[in-house]
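Undergrad: Dropping the sequence and predicted coords here.
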Amino acid sequence: MNPYLSALICVSLTLMTTLPNITKAQSRREAVDLLVLGGTIVTMDQTRRIIDDGAIAVSKGRIVAIGPRAEIEGRYTSRQRVSAAGKVITPGLVNGHTHIPMVLFRGLADDLDLQEWLTKYIFPAEAKNVTEEFVRVGTRLGLAEMIRGGTTTYCDMYYFEDAIADETAKAGVRGVLGETIIDFPVADNKTNAEGMAYVEKFVTRWKGHELIVPAIAPHAPYTVSEEHLKAVREFSDRTGAPIVTHISETKREVDDSVKAKGASPVAYLERIGFLNERVIAAHMVWPQGSDITILKRRGVGVVHNPQSNMKLASGVAPVPKMLTEKLLVGLGTDGAASNNDLNMWEEMDTVAKLHKVFSGDPKVISAQEAFELATIRGAEALHLEKEIGSLETGKRADLLVIDRDTLNQIPLYNVYSDLVYATKASDVESVVINGRIVMRNRRLLTLDEAAIKTAARAYRDKIIKSLGASGAQ
Ligand SMILES: [Zn+2]
């Protein structure tokens, strides 16, 4: 017999005998929706476990198993797979403070302090341009930027938040989304009564959604009256909706509050019974006296925005002290008009470096702590730590696969150092949110990038026209 033919018969016979065994083994394995296989998993769980050559099994949007690849592959099977061999798998990043449609104002007015920037540029530009369509176009641009940069959850405050929720859910991104309450007429609501009616409808519509947490967002204690702040708190008590707000962003805000109310913004909010464990407070650059103790006692989440605070020269929040006091602290970009991007890798790098130079101590805020602020601690600041922020069985499957083969990451000694000081947003290769792949090998699967760019560019011309000669140059 032809030796080749005999070899072929031999192989065929072997296959015939082993195939039923393979099928049997496969049938013993549990079918899941997605397997992420290989790679170094940075879990951010309680023990900060790191698993080399690990794997994650995902079913119905949640992690059902995480461990060594051989073990997970032996127990689970899936038609949908993401290969992460040689890469890093981390929890998705949590951007704790944004005004997402403001990406359309990116670069409109820079190099000013908060009051001048807000009153001369941002508020007039918003008054003339913000419509539901503006918000949708800006949100899609912001979502695309965030997915590309590995942000899987964001906490927002803006107008037409219902449209933001709609776009966010369609893109498959997770959001704590707060409709703004402010004591002057704005694009979507002319009176406080209209604003409260809007938020009532908004929260009722989205409550219980697997991606969207609807929230109420009183702008700040200096733009919302005591009476209205109390109504916000009552609304939150009744509906369970989180309260997203800005507190103690500038020294001037604190001085004005002391003059007008005889107390710092935090002490004033405590006095009127506003603070509790559903409050998410952006900035907190200038806590006074016993403010940190009050925030801790009330379980308030605090979101630090280092780049925005630096750009507006608002000051440096005492984050090392907040961490020592075990406050719930997260990290955010703020709106892109004051940053000018939604890039959490830059915030991590900045938070670690800003506090070193400000305190004169290079040991303050380590790379690992910076990564915690963008993941598990960020989840705690949003009061979502039971659902997101780490890769653990039972939690939502929000995760990133990060390329490790880029020049800026070679060679590699320590994974946290690499993530915080060397990794760029463009190194994020694939993104999974709630078990759904929203970016695979750098291709966005839920958003049309070309259409988003065209629509956003068209808004630039409209905005310039609306501001006349005094506007952007
Ligand atoms: Zn803000």
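TA: Received, thanks. Numbering: from 1, shown residues only.
Undergrad: So what does residue 331 have for phi and psi?
TA: phi -130, psi 140 (degrees, to the nearest 10).
Undergrad: can you check the one 3 residues further on too?
TA: When quoted as degrees, to the nearest 10, the phi and psi of residue 334 stand at phi 70, psi -180.
Undergrad: Distance-wise, check the residue lying closest to residue 447 once chain neighbours are set aside relative to residue 431.
TA: Closest residue in space to residue 447, ignoring its immediate chain neighbours: residue 144 at 4.9 Å, by Cβ to Cβ, 6 or more residues apart in numbering. Backbone N, C-alpha and C define where each C-beta goes, glycine included. Spatial separation of residue 144 from residue 431 under the definition Cβ to Cβ, to the nearest Å is 11 Å.
Undergrad: More neighbours: those two, which one.
TA: residue 431 (31 against 23; other Cβ atoms under 10 Å).
Undergrad: List the residues that contact that one.
TA: 92, 147, 150, 152, 399, 400, 401, 437, 438, 439 (Cβ atoms under 8 Å, 6 or more residues apart in numbering).
Undergrad: And for residue 63?
TA: 56, 57, 391, 392, 393, 394, 395, 396, 397 are the contacts of residue 63 under Cβ under 8 Å, 6+ apart.
Undergrad: please redo it, this time with the cut-off set to 6 Å
TA: Shown in contact with residue 63 (Cβ atoms under 6 Å, 6 or more residues apart in numbering): 56, 393, 395, 397.
Undergrad: in the stretch 351-473 of the chain, which ranges drop under the pLDDT threshold?
TA: 469-473 (pLDDT under 70).
Undergrad: now the strands for it?
TA: 399-402, 428-433, 436-440, 443-444 (DSSP state E, counting those that start in this stretch).
Undergrad: related to what we said a few turns ago, would JSON lines of the contacts of residue 431 with neighbour count be doable?
TA: Shown next, in JSON lines, are the contacts of residue 431 (neighbours: other Cβ atoms under 10 Å):
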{"residue": "92", "neighbour count": "32"}
{"residue": "147", "neighbour count": "24"}
{"residue": "150", "neighbour count": "27"}
{"residue": "152", "neighbour count": "28"}
{"residue": "399", "neighbour count": "29"}
{"residue": "400", "neighbour count": "26"}
{"residue": "401", "neighbour count": "25"}
{"residue": "437", "neighbour count": "19"}
{"residue": "438", "neighbour count": "21"}
{"residue": "439", "neighbour count": "23"}
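Undergrad: Need these in TSV (columns: distance to residue 235).
TA: What follows is the contacts of residue 431, written out as TSV (distance: Cβ to Cβ, whole Å):
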residue	distance to residue 235
92	29
147	31
150	33
152	28
399	34
400	35
401	40
437	37
438	32
439	36
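Undergrad: Closest one of these to residue 52?
TA: The closest of those to residue 52 turns out to be residue 401 (Cβ to Cβ; 15.0 Å).
Undergrad: Quick check, that closest one in contact with residue 88.
TA: No - judged on Cβ atoms under 6 Å, residue 401 makes no contact with residue 88 at a distance of 7.5 Å.
Undergrad: and residue 248, what is it in contact with?
TA: Residue 248 touches 254, 265, 284, 285, 286, counting by Cβ under 6 Å, 6+ apart.
Undergrad: Highest neighbour count among the contacts of residue 63?
TA: Counting by other Cβ under 10 Å, top hit in these: residue 56 with 29 neighbours.
Undergrad: what helix or strand does it sit in?
TA: Element membership of residue 56 [criterion: DSSP states H and E] is strand 54-59.
Undergrad: elements contacting that strand?
TA: Helices and strands touching strand 54-59, by 3 or more Cβ pairs under 6 Å, 6 or more residues apart in numbering; DSSP states H and E, are strand 34-37, strand 62-68, helix 69-75.
Undergrad: Please enumerate residues in contact with that strand?
TA: Contacts for strand 54-59 (Cβ under 6 Å, 6+ apart): 32-37, 41, 63-66, 69, 72, 76, 397, 435.
Undergrad: With stretch 398-406 instead?
TA: Outside stretch 398-406, the residues that reach it (Cβ under 6 Å, 6+ apart) are 84, 87-90, 92, 150, 152, 388, 427-433.
Undergrad: how does it look with 7 Å?
TA: 36, 39, 56, 82, 84, 86-92, 150, 152-153, 174, 388, 391, 412, 423, 427-434 (Cβ atoms under 7 Å, 6 or more residues apart in numbering).
Undergrad: ChimeraX command for the buried members of those?
TA: Buried residues within those, by 16 or more other Cβ atoms under 10 Å, are selected in ChimeraX with:
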select :36,39,56,82,84,87,88,89,90,91,92,150,152,153,174,388,391,423,427,428,429,430,431,432,433,434
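Undergrad: Strands of the stretch 101-250 of the chain, residue ranges please.
TA: Taking DSSP E, counting those that start in this stretch as the test, the strands found in the stretch 101-250 of the chain are 151-158, 174-181, 212-218, 243-247.
Undergrad: Reformat those strands as JSON lines; add mean pLDDT.
TA: Below are these laid out as JSON lines (pLDDT from 0 to 100):
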{"stretch": "strand 151-158", "mean pLDDT": "98"}
{"stretch": "strand 174-181", "mean pLDDT": "98"}
{"stretch": "strand 212-218", "mean pLDDT": "98"}
{"stretch": "strand 243-247", "mean pLDDT": "98"}
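Undergrad: In TSV: these, plus distance to residue 194.
TA: Output for those, formatted as TSV (distance: least, Cβ to Cβ, whole Å):
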stretch	distance to residue 194
strand 151-158	16
strand 174-181	10
strand 212-218	14
strand 243-247	19
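Undergrad: quick one: residue 224 and residue 280, what's the gap?
TA: Taken as Cβ to Cβ, the span from residue 224 to residue 280 is 15 Å.
Undergrad: Which of the two has more residues huddled nearby?
TA: Between residue 224 and residue 280, counted using other Cβ under 10 Å, residue 280 has the larger neighbour count: 28 against 21.
Undergrad: Identify the bridge partners of the residue nearest to the more buried one when sequence neighbours are not counted.
TA: In space, and not counting its chain neighbours, residue 280 is closest to residue 301: 4.5 Å by Cβ to Cβ, 6+ apart. On the basis of DSSP bridges, residue 301 is bridged to residue 280, residue 328.
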